[in-house]
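Trainee: Quick one: sequence and predicted model below, then my questions.
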Amino acid sequence: MILFAACMLAPRGGAETQANAEDAEVTGASVHGVVTSTDGEVYEGAEVELELSHDDAPATTTEETDSDGEFSFGGLTSGTFKLIVSSRGFTTQTITGVLQAGQAFDARTIVLPVVNAASEVVVSGGSEADIAEAQLNLEEQQRVLGVFPNYYVSYDHEAAPLTTRQKYQLAWRTSIDPVTWIMTGAVAGAEQAKNTFAGYGQGAQGYAKRFGANYTDNFVGTMIGGAILPSWFRQDPRYFYKGTGTVKSRVLYAIANAVICKGDNGRWQMNYSGIMGGLAAGGISNLYYPASNRSGLEVSFENTLIGTAGSAMQNLVQEFLVRRLTPRVPNYAAVSH
C-alpha cells in the first residue's frame, strides 16, 4: 500500500535543469542513496531533487528512485548541495552538505515517514514537559483498527520523557477506556461459561466476581507497572517502535525490550518497573481470588517469567503488525524539541 502511494507520483520525465552555471567546471563528483519506508521497504518513484550551488550559481536537477529505491546524480561540480526527497502522502526529507571535487557522496538510507495531517501538533519553544504532553496527547489517539487502545507505544525514538503526572495520566486513561471495560466483560463471560475459578460460583454474582477480579488485575498491573514503579525508578513505561533495520535486528530489539526499557535520562536499562510490576500484581491478586486458585511465591515467579515472555511476543506484534493496523499514527515531526 505504501509502495502504491509512492508510485502514484506523476512522472517527471527524467532529469531537468532549472538554472545552470554556464562556466561551472565539471569535477566528476556524484551523489547517491536509497529511499525507504519506516518499515524498511524501498520506494520506487519517489522524487529526489538536487540543488547544487557552484560559485553562487544554483542549479536544480530532479530524478525518481528506481525499482530498488536508489537514485544517483553523476558528473557534478563541486559546491554546496541540498537533497529534497518527497513523495505524495509522505513527510519530505532534506539533506544538505558540501560536495568536493571527485567526491562520491553517499546519502545512505533516507527514510520517508507517512504523513498524518490530522494528528499534527506544533510545540515551539515549550519546555520538555510541554513537548511530552503534546506527544502524549497524540499517543492517546492511537487505536488498533480504530478501536483498541494502543497508548503505550511511541513512534518517536527521541520522544521527551514523561513526567510523573503524565505516567499516571497514561495509566488512568488506559484503565478507564470504554474498550477496556468491554474486553474485561468479554473475558469474564468466557470464564463464566467455562466455570473458570469455580469458587466464584455461577449466576450474576459469579459473573460480577469474575469481572471484578479481571478488572482489578488489569488496573493494578497497569498502575504499578505503568505509573508507580516507572515514577519510582524514573523509567519510561512505553515501547519505542524501531521500524527500521533488518528483520533480525528488529526481532532482537523487540524481544530485548521485554527486559530492558528507556530511562527518563534517555539511556537503556533493566526494566525493573515491568518485571517487579508483574510480580507485585500477581501477589496482590491472591487477596481476591478463590482460595483454591491462589498461588504461592514460587508460582508468582513462574507467572512473572511467563508474563515477560508474553511481553516479548507483544513487542514483536507491535514492531511488525500493529503500526499497519493503526490508522491514527502521530506525526511527531511536527512536534519541536
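Mentor: Everything's here; your move.

Trainee: how about the helices of the chain, start to end?
Mentor: For the chain, the helices defined by DSSP state H occupy 2-7, 128-139, 164-176, 178-194, 203-223, 229-233, 247-256, 272-285, 297-320.

Trainee: what's the closest non-adjacent residue to residue 257?
Mentor: In space, and not counting its chain neighbours, residue 257 is closest to residue 315: 5.1 Å by Cβ to Cβ, 6 or more residues apart in numbering. In this view, the C-beta of every residue, glycine as well, is placed from N, C-alpha and C.

Trainee: next one: residue 221
Mentor: That would be residue 281: by Cβ to Cβ, 6+ apart, it lies 4.1 Å from residue 221.

Trainee: Does the one you found touch residue 226 like I think?
Mentor: No: Residue 281 is beyond contact range of residue 226, at 10.8 Å (criterion: Cβ atoms under 8 Å).

Trainee: For the residue nearest to residue 221, report the pLDDT, please.
Mentor: Reported pLDDT at residue 281 in the predicted model: 79.

Trainee: cool, residue 1 as well?
Mentor: Predicted confidence (pLDDT) for residue 1: 36.

Trainee: so the residue nearest to residue 257 makes contact with residue 239?
Mentor: Yes: between residue 315 and residue 239 there is a contact under Cβ under 8 Å: 5.9 Å.

Trainee: quick one: common contacting residues for those two?
Mentor: Common neighbours of residue 315 and residue 239 are listed as residue 257 (criterion: Cβ atoms under 8 Å, 6 or more residues apart in numbering).

Trainee: contact partners of stretch 271-289?
Mentor: Outside stretch 271-289, the residues that touch it by Cβ under 8 Å, 6+ apart are 197, 199, 212-213, 216-217, 220-221, 224-226, 228-230, 232-233, 235, 237, 257-261, 294-295, 300-301, 303-304, 307-308, 311.

Trainee: Among those residues, name the buried ones.
Mentor: Buried members of the contacts of stretch 271-289, scored by 16 or more other Cβ atoms under 10 Å, are 197, 213, 216-217, 220-221, 224-226, 228-230, 233, 235, 237, 257-258, 261, 300, 303-304, 307, 311.

Trainee: Compare the mean pLDDT across the helices of the chain and name the weakest.
Mentor: Lowest mean pLDDT within the helices of the chain: helix 2-7, a mean of 37.

Trainee: and the gap between the nearest residue to residue 206 once chain neighbours are set aside and residue 288?
Mentor: Take residue 206 and drop its neighbours on the chain: the residue closest to it by Cβ to Cβ, 6+ apart is residue 200, 4.6 Å away. Computed with Cβ to Cβ, to the nearest Å, the distance linking residue 200 and residue 288 is 10 Å.

Trainee: and what of residue 164?
Mentor: On the measure of Cβ to Cβ, residue 164 and residue 288 end up 28 Å apart.

Trainee: Surely residue 161 touches residue 131?
Mentor: No: counting by Cβ under 8 Å, residue 161 stays clear of residue 131, with 9.9 Å between them.

Trainee: and this protein, what are its domains?
Mentor: 2-111, 117-334 (automatic domain parsing).

Trainee: what separates the first one from the chain centre, distance-wise?
Mentor: Centroid separation for domain 2-111 versus its chain: 27 Å, with Cα atoms, centre = their mean, to the nearest Å.

Trainee: do the longest one as well
Mentor: Taking the mean C-alpha point of domain 117-334 and that of its whole chain, the gap between them comes to 14 Å (Cα atoms, centre = their mean).

Trainee: The residue minimising distance to the centre of the chain and residue 62, how far apart?
Mentor: In the chain, the centroid-proximal residue (Cα atoms, centre = their mean) is residue 155; its distance is 2.4 Å. Counting by Cβ to Cβ, the gap from residue 155 to residue 62 is 30 Å.

Trainee: Average pLDDT for stretch 100-111, rounded please.
Mentor: Across stretch 100-111, pLDDT averages out at 88.

Trainee: Tell me the buried residues in stretch 188-207?
Mentor: 188, 191, 192, 197, 200, 206, 207.

Trainee: What ranges does the stretch 51-200 of the chain have for its strands?
Mentor: Using DSSP state E, counting those that start in this stretch, the strands of the stretch 51-200 of the chain run over 57-64, 70-76, 79-86, 93-99, 104-111, 143-144, 148-149, 153-154.

Trainee: Same list, those, but as a markdown table with mean neighbour count please.
Mentor: Output for the strands of the stretch 51-200 of the chain, formatted as a markdown table (neighbours: other Cβ atoms under 10 Å):
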| stretch | mean neighbour count |
| --- | --- |
| strand 57-64 | 18 |
| strand 70-76 | 17 |
| strand 79-86 | 19 |
| strand 93-99 | 15 |
| strand 104-111 | 15 |
| strand 143-144 | 18 |
| strand 148-149 | 18 |
| strand 153-154 | 21 |
